[in-house]
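S.K.: Mind folding the following:
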Amino acid sequence: MEVIRDLADFPRLAHAVVTSGTFDGLHIGHRKILRRVIERARQTNGQSVVITFWPHPRLVLFPDDNDLKLLSTIEERIAQLREFGIDYLLIIPFTKEFSRTSSRSFITDILVKAINTKVLIIGYDHRFGKNREGSFENLKAKSQQYGFEVEEIPRQDIDDVAVSSTKIRKAIESGDMETATRYLGRPYTLTATVVKGNQLGRTIGYPTANLQVPEAHKLIPAQGVYAVWVMLADDCFVGMMNIGMRPTVNGKQLTLEVHILDFDRDIYDRQLTVAFVKQLRKEQKFDGLEELKAQLAKDKEATRKVLK
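M.R.: From the prediction side, this is the model:
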């Protein structure tokens, strides 16, 4: 997949089949749309194109909205779209100035001139341009004038997108990773850099990789202990992860720690991707490190059973 961040760098394609959206999390609802894009591209020996926006439009238009939690960072979204098999990803920097782009300019300058769109696939209620003035009906009426076909995704499929996003967020916020996995079509993931901690885990036989807390709007699962897969480069390991305040040692801030089973390597400053499979328990306070150590032994055994 070719990733393009500047419209001026986008190649003139022979037969571009295009869709646009935020595609946060790339869940099963999104995948219905993307499968149709790829299918139409293959039918004509064309190219599948996704237009997305970063930062998320709500972060720009409503900067004080602290309730927005994203299922994927832009780096995670790129990786997910690449794995799905999209040919071209155009990331348009979303600014207040861009938000004032008229629907006509979006069509003529981006879809027609820059991309040479031949098929545009959008949802039944999809709107674009300043004040969301552009609509499917508007596109359909002028499709011959613009020189591309417009295909509408059925209402049921688009409703599935909205339902999936809501259920995924609620599930992750409550620690219900099985439900999140069902709607995502894969385990929920978090990618972060390993940083130095206080190395307390080493003293009780459970060294952990301390992860840098991701950007403010990345959705962090509920506090607790999880059975997880840990991806480091091309390798995959079994792990158990704690998200919380570490009340047993009077912690003062949220920490993300993962103990990788049967692993002993220096991975400071490396990037890990953690895939959440199941919450084993909520975070709790123990009467000292020995009691914590005993519980961690139980968590380790539970992790092996979940990920066997």
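S.K.: those helices in the stretch 101-250 of the chain, which residues are they?
M.R.: Assigned by DSSP state H, counting those that start in this stretch, the helices in the stretch 101-250 of the chain fall at 103-105, 136-146, 155-174, 177-184, 200-203.
S.K.: Ok, which of these comes nearest residue 229?
M.R.: Of all the helices of the stretch 101-250 of the chain, it is helix 177-184 that lies closest to residue 229, at 11.5 Å by CB to CB. All C-beta spots, glycine's among them, are computed from the backbone N, C-alpha and C.
S.K.: picking that back up, could the helices of the stretch 101-250 of the chain go into CSV alongside mean pLDDT and mean neighbour count?
M.R.: As requested, the helices of the stretch 101-250 of the chain are arranged in CSV below (pLDDT from 0 to 100; neighbours: other CB atoms under 10 Å):
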stretch, mean pLDDT, mean neighbour count
helix 103-105, 84, 15
helix 136-146, 76, 14
helix 155-174, 80, 16
helix 177-184, 94, 20
helix 200-203, 66, 14
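S.K.: any chance of these in TSV, plus distance to residue 245?
M.R.: TSV is the format used below for those (distance: least, CB to CB, whole Å):
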stretch	distance to residue 245
helix 103-105	48
helix 136-146	48
helix 155-174	17
helix 177-184	20
helix 200-203	14
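S.K.: Ok, which of those helices comes nearest residue 96?
M.R.: Here helix 103-105 is closest among these (CB to CB), at 15.4 Å.
S.K.: The closest residue to residue 243 other than its chain neighbours: neighbour count?
M.R.: Spatial nearest neighbour of residue 243, chain neighbours left out: residue 223 (5.2 Å); criterion: CB to CB, 6 or more residues apart in numbering. Under the neighbour criterion other CB atoms under 10 Å, residue 223 is assigned a count of 17.
S.K.: quick one, domains of the chain?
M.R.: 2-166, 188-306 (automatic domain parsing).
S.K.: Relative to residue 177, which of those domains is closest?
M.R.: domain 188-306 (4.6 Å).
S.K.: Can you find the helix or strand in this structure with the smallest mean pLDDT?
M.R.: Among the helices and strands of the chain, helix 200-203 carries the lowest confidence by mean pLDDT, DSSP states H and E, at a mean of 66.
S.K.: Tell me who's in contact with the residue nearest to residue 243.
M.R.: 243, 244, 245, 254, 282, 283 (CB atoms under 8 Å, 6 or more residues apart in numbering).
S.K.: Can you give me the distance of the fourth one to residue 220?
M.R.: When CB to CB, to the nearest Å is the yardstick, residue 254 and residue 220 sit 8 Å from each other.
S.K.: Would you mind grabbing the residues shared as contacts by those two?
M.R.: By CB under 8 Å, 6+ apart, the residues touching both residue 254 and residue 220 are 213, 243.
S.K.: Where does pLDDT dip in the stretch 1-150 of the chain?
M.R.: In the predicted model of the stretch 1-150 of the chain, residues 124-136 satisfy pLDDT under 70.
S.K.: And the strands in it, which stretches?
M.R.: For the stretch 1-150 of the chain, the strands defined by DSSP state E, counting those that start in this stretch cover 2-4, 16-20, 47-54, 88-93, 117-123, 149-153.
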